[in-house]
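*Asks:* Below are the sequence and a predicted model; questions follow.
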Amino acid sequence: MENMYKKSFYACGVAVVTIILETLGTFQFLFHLDKPMSIAAAILIIAAFCWITEWIPLYITAFVILFLQLVWLLPVLHPVATASITSTSVLSPFFSNIILLFLGGFVLAALLNEYGIDKIIAYWLLKRTGTNPARILIGFMLITAFLSMWMSNTATTAMMFSILLPILKAIPADNKFIKALPLGIPFAANIGGLATPVGTPPNAIALGYLQQAGIHISFLQWMIYALPSTILFLVIAIVIILLYCRDTKVDIVLPPLEKKSLTTAQISSIGIALFTVILWMTKDFHGMSMGEVSLIPVILAFSSGLLTKNHFLQLPWNILFMVGGGLSLAVGLKASGFSAHVVNSIPEHVSAAILVTSFIVITVIAASFMSRSVAANLILPLAVAFSSIQPVLAILIAFACSVSMPLPVSTPPNAIAFSSGFLESKDMCITGTAITVICFSLLLLFVFFQL
């Protein structure tokens, strides 16, 4: 408790010092900013400090952003800007289409988990892998990646490890393959989130910023763009892990799955999930936005009693508020003119390829050492200001967040795998760094061939 108070004190100290510096005109003098831009920059600095250090919870930082923009930034905006931005403009990102999309994804994940549908899917696939170690690794990584397309990658990793532990106990401790599965699951969870807009927060954050810029990418369009990359990155991860864990001469026996008929609740949950996914992927046919479609599983799951009030309270609302805070921050940066100022500060001779490369490098480094959602929230508001390349750049930044996994602390799935006790730090650093570097290189190749 004392440590928490100390961290909160540090956060307040940074905020107070930043506000004092802005009030004294320091930012205006050093960076040639007007008053609204200076305040927007100060809010960005405060948010960055709080997000990176986590001195206060990430979702509370979102409320700090909201409060500062309402009481500090809005009153000083130029009349021209004020005509197009109000308090509603700053508040609306907290319940935007992107937030609804993620809410629907969380509800579907709760249904899959509550009625054991995720385990049924996992066992069904694993039963078809046989006892060959390489095939079992591929099976585990495929099912982990598939579930991470629809569920939290953290929850997917935890669930897969509950299936994995009895298998690991049957592998001799001196066999290198005992490390392969604990490595494969978190890496597949990280990569699998790329494939759908609801797979991981950076995807939703990128879509949210693009929507603010007037660019709308459908669920199906995202999957058409992201699924091939997901499959390629998965193949790379599988090859690297198999090369690292070459001693695979061992037969593995999978635990038997108790055969039971699907219950009415399970069938209903599967029906709701399939119905929602089909609607997400057929927006052009029915005309509803992804956010509007996402209300359907929420209404059906809770009105039918499949999920209860306790499930509702346990949804990861903190993630939704954090994403909303980032989107709200972008509104202020744009309305103040700060985003445009950053763009205009870039020399004209700098090519689009170099700009995109710079953003990807920064993203990979940042996401390797901090929350991927934080990295996306800090980098994307500035990235989407480059209107000529914003769709490609925003998507590539989301991708870069997901492929950055060199350390045990880089992502929650990595941390779960490392805490299992089957891995040493060097195991994850060697394989994770190799995957990150190769996937990063492929993203750069895409940049140079497309821009």
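*Replies:* Sure, I can see it. What you see is a predicted model; the values in this text were computed from it and never measured.

*Asks:* So what's the residue count around the closest residue to V14 other than its chain neighbours?
*Replies:* Once flanking residues are discounted, V14 sits nearest to F49: 4.8 Å by Cβ to Cβ, 6 or more residues apart in numbering. (Each C-beta comes from the backbone N, C-alpha and C, glycine too.) Residue crowding around F49 was assessed by other Cβ atoms under 10 Å; the count is 18.

*Asks:* do A394 as well
*Replies:* A count of nearby residues for A394, using other Cβ under 10 Å, gives 28.

*Asks:* cool, and L355?
*Replies:* 19.

*Asks:* Assess the claim that it and I346 are in contact.
*Replies:* Yes. Under the criterion of Cβ atoms under 8 Å, L355 makes contact with I346 at 7.0 Å.

*Asks:* Dump whatever helix or strand I319 lives in to PDB, restricted to CA.
*Replies:* Per DSSP states H and E: I319 is located in helix 317-336. C-alpha atoms of helix 317-336 as PDB (Å, rounded to 0.1, in the frame of the first residue of the first chain):
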ATOM      1  CA  TRP A 317     -13.400  -2.600 -18.600                       C
ATOM      2  CA  ASN A 318     -10.000  -1.300 -17.800                       C
ATOM      3  CA  ILE A 319      -8.800  -2.100 -21.300                       C
ATOM      4  CA  LEU A 320     -11.800  -0.400 -22.800                       C
ATOM      5  CA  PHE A 321     -11.200   2.800 -20.800                       C
ATOM      6  CA  MET A 322      -7.500   2.700 -21.700                       C
ATOM      7  CA  VAL A 323      -8.300   2.500 -25.400                       C
ATOM      8  CA  GLY A 324     -10.800   5.300 -25.000                       C
ATOM      9  CA  GLY A 325      -8.300   7.500 -23.300                       C
ATOM     10  CA  GLY A 326      -5.800   7.000 -26.200                       C
ATOM     11  CA  LEU A 327      -8.500   7.900 -28.800                       C
ATOM     12  CA  SER A 328      -9.500  10.900 -26.800                       C
ATOM     13  CA  LEU A 329      -5.900  12.100 -26.600                       C
ATOM     14  CA  ALA A 330      -5.700  11.900 -30.400                       C
ATOM     15  CA  VAL A 331      -8.800  14.200 -30.600                       C
ATOM     16  CA  GLY A 332      -7.000  16.800 -28.500                       C
ATOM     17  CA  LEU A 333      -3.700  16.500 -30.400                       C
ATOM     18  CA  LYS A 334      -5.500  17.000 -33.700                       C
ATOM     19  CA  ALA A 335      -7.800  19.900 -32.600                       C
ATOM     20  CA  SER A 336      -4.900  21.800 -31.000                       C
END
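
*Asks:* any idea how far it is from the chain center?
*Replies:* In this view, helix 317-336 has its centroid 15 Å away from the chain centroid, taken as Cα atoms, centre = their mean, to the nearest Å.

*Asks:* For it, the averaged confidence score.
*Replies:* What helix 317-336 shows for mean pLDDT is 87.

*Asks:* how about that helix: buried residues?
*Replies:* Residues of helix 317-336 classed as buried by neighbour count (16 or more other Cβ atoms under 10 Å): 319-336.

*Asks:* Show me what it is packed up against.
*Replies:* helix 35-53, helix 58-68, helix 87-91, helix 97-114, helix 201-212, helix 338-345, helix 372-383 (3 or more Cβ pairs under 8 Å, 6 or more residues apart in numbering; DSSP states H and E).
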